[in-house]
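Participant: Test case, fold it:
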Amino acid sequence: MKSGPKVAVLRLQGVIAAQGRGATLSDSGLAALIERAFAKGKPDAVALSINSPGGSPSQSSLISARIRRLADEKDVKVYAFVEDVAASGGYYIAAAADEIWVDRHSIVGSIGVISAGFGLSELIARYGIERRVYTAGKSKSMADPFRPEKPEDVARIKQLQEHIHAEFIDHVKTRRGDKLDDDADLFTGDVWVGSQALTTGLIDGVGHLVPKMKEVFGDKVGFKVYQQKRPFFARFGARMAGDAMAEVEDRAAFARFGV
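Facilitator: Residues are numbered from 1 along each chain as shown. All right, here's what the predicted structure looks like:
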């Protein structure tokens, strides 16, 4: 008997980071999952269910590139569905899809680059602590948080950020093409909510995963969900100290967007 259409649902939820801690999204952690989503059962489409405030630019790029490579190799259309937020790196991954759909309360955008830290030089001086660093290469100790901030370090960091930002913009323009509103100021790091983003061209509309896929493939469409497994201890509410701190950091990343 011939089965109905199949959609592979790839759930991507969490902060994007190289470290394999907690429920973070990384290319190495998702590689096998993404490969299975595109290959197993020859799906008619892959739907990305995204809920991410962003994170590592490199990991966002690697994940996005893997999705696009497999979509082209398998000739499978990719749909992205945003839950609470697809911002910064989260939107970078969403842009890998052929279409982007959101909830009316979803937050999208934040196409920019941010770097944050603390300056502790005065604090350690107050307690008589002396910082000793020896380097070969004048820039090896750039932006050391235990030393006073240097204008040349700030200038260099901004130069690096501008390069990453330009690559991010190029990715969005390449993927969204003529859908983007040329008159809209899209790349300032600002965000849009729900249908607000439709006029900018950053999304294709407001719609939810199951109803939209039934609209496209019919009521008999089947779904197969692929998602990362939670760490063993996290399933029982127990976390190691490192994972607990990671959870705090992740929640802070989401909280920047009020979610």
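Participant: Every contact and neighbour count from this point should use C-alpha atoms.
Facilitator: Will do.
Participant: Surely residue 214 is in a helix?
Facilitator: Yes. With DSSP: H, G, I helix; E, B strand; the rest coil as the criterion, residue 214 is assigned to a helix.
Participant: And for it, the neighbour number?
Facilitator: 15 (other C-alpha atoms under 10 Å).
Participant: Against residue 130, how distant is it?
Facilitator: When distances are taken as C-alpha to C-alpha, to the nearest Å, residue 214 and residue 130 turn out to be 65 Å apart.
Participant: mind saving the C-alpha coords of stretch 44-54 as CSV?
Facilitator: Written as CSV, here are the backbone C-alpha positions of stretch 44-54 (Å, rounded to 0.1, in the frame of the first residue of the first chain):
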residue,chain,number,x,y,z
ASP,A,44,8.6,15.0,1.1
ALA,A,45,9.8,18.0,3.2
VAL,A,46,11.8,18.9,6.3
ALA,A,47,10.2,21.3,8.8
LEU,A,48,12.5,23.1,11.2
SER,A,49,10.8,23.9,14.5
ILE,A,50,13.1,26.7,15.8
ASN,A,51,13.2,28.3,19.2
SER,A,52,16.6,29.9,19.7
PRO,A,53,17.9,33.4,20.8
GLY,A,54,21.2,32.8,18.9
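Participant: What average pLDDT does that stretch get?
Facilitator: Model confidence over stretch 44-54 averages 96 on the pLDDT scale.
Participant: Distance from that stretch to the middle of the chain?
Facilitator: 10 Å (C-alpha atoms, centre = their mean, to the nearest Å).
Participant: Can you name the residues in contact with it?
Facilitator: By C-alpha atoms under 8 Å, 6 or more residues apart in numbering, the surrounding residues in contact with stretch 44-54 are 5-16, 37-38, 60, 76-91, 94, 97, 209, 253-254, 257.
Participant: are any of those buried, and which?
Facilitator: When burial is judged by neighbour count using 16 or more other C-alpha atoms under 10 Å, the buried members of the contacts of stretch 44-54 are 5-16, 37-38, 60, 76-91, 94, 97, 209, 253-254.
Participant: Provide the backbone phi and psi angles at the residue nearest to residue 142 when sequence neighbours are not counted.
Facilitator: Excluding its sequence neighbours, the residue lying closest to residue 142 (C-alpha to C-alpha, 6 or more residues apart in numbering) is residue 153, at 5.8 Å. The phi/psi pair for residue 153 (degrees, to the nearest 10) reads phi -70, psi -40.
Participant: Tell me the predicted confidence for residue 20.
Facilitator: Residue 20 is assigned 56 on the pLDDT scale.
Participant: got the buried residues for stretch 213-230?
Facilitator: Of all the residues in stretch 213-230, those buried under the rule 16+ other C-alpha under 10 Å are 213, 217, 221, 222, 223, 226.
Participant: what two of those have the greatest distance between them?
Facilitator: For the buried residues of stretch 213-230, with distances taken as C-alpha to C-alpha, the pair at the greatest spread is 217 and 226 (19.5 Å).
Participant: can you tell me which of the contacts of stretch 44-54 are in strands?
Facilitator: Judged by DSSP state E, strands contain the following of the contacts of stretch 44-54: 6-13, 77-87.
Participant: so how far does stretch 109-118 reach from one end to the other?
Facilitator: One end of stretch 109-118 sits 26 Å from the other (C-alpha to C-alpha).
Participant: would you list every one of the helices in the stretch 51-200 of the chain?
Facilitator: Across the stretch 51-200 of the chain, reading from the start of the chain, the helices by DSSP state H, counting those that start in this stretch fall at 57-74, 89-94, 121-126, 151-176.
Participant: State the mean pLDDT of the second one.
Facilitator: Put plainly, it is helix 89-94. When pLDDT is averaged along helix 89-94, the result is 97.
Participant: Can you show me the CA trace of it as PDB?
Facilitator: This file holds the C-alpha atoms of helix 89-94, laid out as PDB (Å, rounded to 0.1, in the frame of the first residue of the first chain):
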ATOM      1  CA  GLY A  89      22.000  32.900  15.100                       C
ATOM      2  CA  GLY A  90      18.500  31.400  15.400                       C
ATOM      3  CA  TYR A  91      17.400  33.500  12.400                       C
ATOM      4  CA  TYR A  92      20.600  32.600  10.600                       C
ATOM      5  CA  ILE A  93      19.500  28.900  10.800                       C
ATOM      6  CA  ALA A  94      15.900  29.800   9.900                       C
END
